[in-house]
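> below: sequence and its predicted model.
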Amino acid sequence: DAGVTQSPTHLIKTRGQHVTLRCSPISGHKSVSWYQQVLGQGPQFIFQYYEKEERGRGNFPDRFSARQFPNYSSELNVNALLLGDSALYLCASSFRLGLTEAFFGQGTRLTVV
Amino acid sequence: KQEVTQIPAALSVPEGENLVLNCSFTDSAIYNLQWFRQDPGKGLTSLLLIQSSQREQTSGRLNASLDKSSGRSTLYIAASQPGDSATYLCALERLRDDKIIFGKGTRLHILP
């Protein structure tokens, strides 16, 4: 049984560009959440979706957006990339809202140059 | 303002020692607190989840406790092994706004 899969695993972008990160949850999981982890820091909560609706948002600018599709997969979009957006982006899926019984993907390493 | 604090930031101990990692938080109104393990450049693996109504959870050599009144949780690792080397993160779900807050983690190195 596949775990949470994220694509791509690594990505290099130039300042000002746009990026789309993808996450496929574990089969049967209806909730997907996104986190940004800058090197040496703990993950910072960005978004949580449940049943295709946004159910939580962290303190991130409007350049960050996300959506969840009918098959419960999710995309995180970041516009007008800044050097400070360089980080490991983690996706987690779960049956319910929150971190209870949440499983994390391996992350997408985004480097902005 | 750091809402979840983990001490120490880094720790190196010889193999076989018992050790304690600390997590403190400022808001005691939480749904639960969870401990994760993260290997370098990888995702997170859940170790132990303590619901708000519980005081501790155990899994193998790991024991986690929760004291909401003092805003503290500890992760106890018994008989440490080199394979325990990783970063250990605590995270809580806050009642007032359902937000999930992580600490910065403790980088643990077990010396063979």
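Everything's here; your move.
> number of residues surrounding residue 60?
Went with chain A since none was named. Burial of A:F60 is recorded as 16 neighbouring residues (other Cβ atoms under 10 Å in any protein chain shown). The C-beta positions use only the backbone N, C-alpha and C, and glycine is treated the same way.
> should've been chain B
8.
> could I get the pLDDT score of it?
With respect to pLDDT, B:G60 scores 97.
> how about low-confidence regions in chain B?
Within chain B, the ranges that satisfy pLDDT under 70 run B:1-2.
> got the residues of it near chain A?
Proximity of chain B to chain A, by Cβ under 8 Å from any Cβ of the partner chain, involves residues B:4, B:6, B:31-32, B:34, B:36, B:41-46, B:49, B:89, B:91, B:93, B:98-105.
> so which of the residues you listed belong to strands?
Among these, the residues falling in strands (DSSP state E) are B:4, B:6, B:31-32, B:34, B:36, B:44-46, B:49, B:89, B:91, B:93, B:100-102.
> surely B:R94 touches B:N32?
No - the criterion here is Cβ atoms under 8 Å, and B:R94 misses it with B:N32 at 10.2 Å.
> let me know the secondary structure of A:Q17.
coil (DSSP: H, G, I helix; E, B strand; the rest coil).
> so it makes contact with A:L81?
Yes - under the criterion of Cβ under 8 Å, A:Q17 makes contact with A:L81 at 5.2 Å.
> so which bits of chain A are right by chain B?
Proximity of chain A to chain B, by Cβ under 8 Å from any Cβ, involves residues A:4, A:33, A:35, A:40-45, A:48, A:55-56, A:58, A:88, A:90, A:92, A:97-107, A:109.
> burial of residue 25, as a residue count?
With no chain named, the answer covers chain A. A:P25 has 28 nearby residues by other Cβ under 10 Å.
> hmm, no, I was thinking of chain B.
24.
> tell me the contacts of it?
The contact partners of B:F25, by Cβ atoms under 8 Å, 6 or more residues apart in numbering or on different chains, come to B:3-5, B:33, B:71-73, B:92, B:101.
> spatially central residue for chain A, please.
Geometric centre of chain A, nearest residue: A:W34, 3.3 Å, by Cα atoms, centre = their mean.
> give me the residues contacting the helix or strand harbouring it.
Following DSSP states H and E, one finds A:W34 within strand A:31-37. With Cβ under 8 Å, 6+ apart as the test, strand A:31-37 has contacts from A:21, A:23, A:25, A:43-51, A:55-56, A:60, A:66, A:68, A:72-74, A:76, A:85, A:87-98, A:102, A:107, B:100, B:102.
> ditto for stretch A:62-81
Stretch A:62-81 is contacted by residues A:13-25, A:29-30, A:32, A:34, A:46-47, A:49, A:51-54, A:85, A:89, A:91, A:93, A:110, A:112 when judged by Cβ under 8 Å, 6+ apart.
> now a ChimeraX select for only the buried ones of the residues you listed.
The following ChimeraX line selects those of these that are buried, judged by 16 or more other Cβ atoms under 10 Å in any protein chain shown:
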select /A:13,19,21,22,23,24,25,29,30,32,34,46,47,49,85,89,91,93,110,112
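> many thanks, we can stop here.
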